[in-house]
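Enquirer: Fold the following.
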Amino acid sequence: MINIALFGAPGAGKGTQSTMIAEKYDLTYVSTGEALRKEIAEKTELGLRIKDIMDAGQLVSDDIVVEMIDKIIAGNTRNGVLFDGFPRNVEQAETLDKLLAKYGTSLLCMISLDVPREELVRRMLERAKTSGRSDDNEETIKNRLREYENKTLPVADYYKAKGLYIPVNGIGSIDDISRDIMKEIDAKIAKS
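Expert: Predicted coordinates:
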């Protein structure tokens with residue numbers, strides 16, 4: 001199985017690149033952000049709680065996210081899973097390792113889309129004009145980036161220590177970035 005975590009700050013382009021990666025390698029695509037927004041759109045009890053958390057620019061609790069991820073891994077029928085926006089902290093990374101091991105598999109690599117902060121803010125403000133997402137406003141964007149820097153960035157060190165971290169320049173054309181990502185994934189598959 002090919003299991004990949006796509007990593008990067010909000011606005012780095014994970015959602016854009018995920019579609020192409022999942023298609024090329026026939027992976028089940030898991031976007032925790034999309035799954036959470038679906039709950040919000042359906043106005044479930046959980047969705048209403050999630051909306052309050054996301055509107056404040058905070059991260060949703062590990063328990064909620066891990067429960068969704070476990071269900072997805074258990075039902076996977078493809079060549080593996082592409083995780084977009086998960087894990088978001090070291091505890092989730094450790095939990096992901098255990099969940100994958102429970103199903104007899106592991107993470108192949110973590111691809112990190114590296115984009116400067118100013119560019120992230122610019123991209124998200126641009127996206128706000130068309131997305132209709134309540135979490136794409138300047139104040140919330142700054143909160144999301146602070147949360148990312150404080151809680152999520154340490155995940156990179158966790159995967160560096162395991163030899164699974166692969167940085168990719170997230171500036172350039174969508175096709176160039178995609179080509180760079182797939183080159184790295186192909187090299188990792190060849191070594192495994």
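Enquirer: quick one: contacts of stretch 38-47?
Expert: 36, 48, 50, 51, 54, 64 (CB atoms under 8 Å, 6 or more residues apart in numbering). C-beta: built from backbone N, CA, C; applies to glycine.
Enquirer: Now that stretch: buried residues?
Expert: By neighbour count on 16 or more other CB atoms under 10 Å, the buried set for stretch 38-47 is 39, 40, 46.
Enquirer: For the first one, which non-adjacent residue is closest in space?
Expert: Counting by CB to CB, 6 or more residues apart in numbering, residue 39 lies nearest to residue 47, which is 3.6 Å off, once chain neighbours are set aside.
Enquirer: Show me the strands in the protein, by range?
Expert: Using DSSP state E, the strands of the chain run over residues 4-7, 28-31, 81-84, 109-114, 165-169.
Enquirer: Of those, which is nearest residue 151?
Expert: Of all the strands of the chain, strand 4-7 sits nearest to residue 151, with 13.0 Å by CB to CB.
Enquirer: Confidence-wise, which of the strands of the chain is weakest overall?
Expert: Mean pLDDT is lowest for strand 28-31 among the strands of the chain, at a mean of 90.
Enquirer: now that strand, how far from the centre of its chain.
Expert: Averaged C-alpha coordinates place strand 28-31 at 9 Å from its chain's average position (CA atoms, centre = their mean, to the nearest Å).
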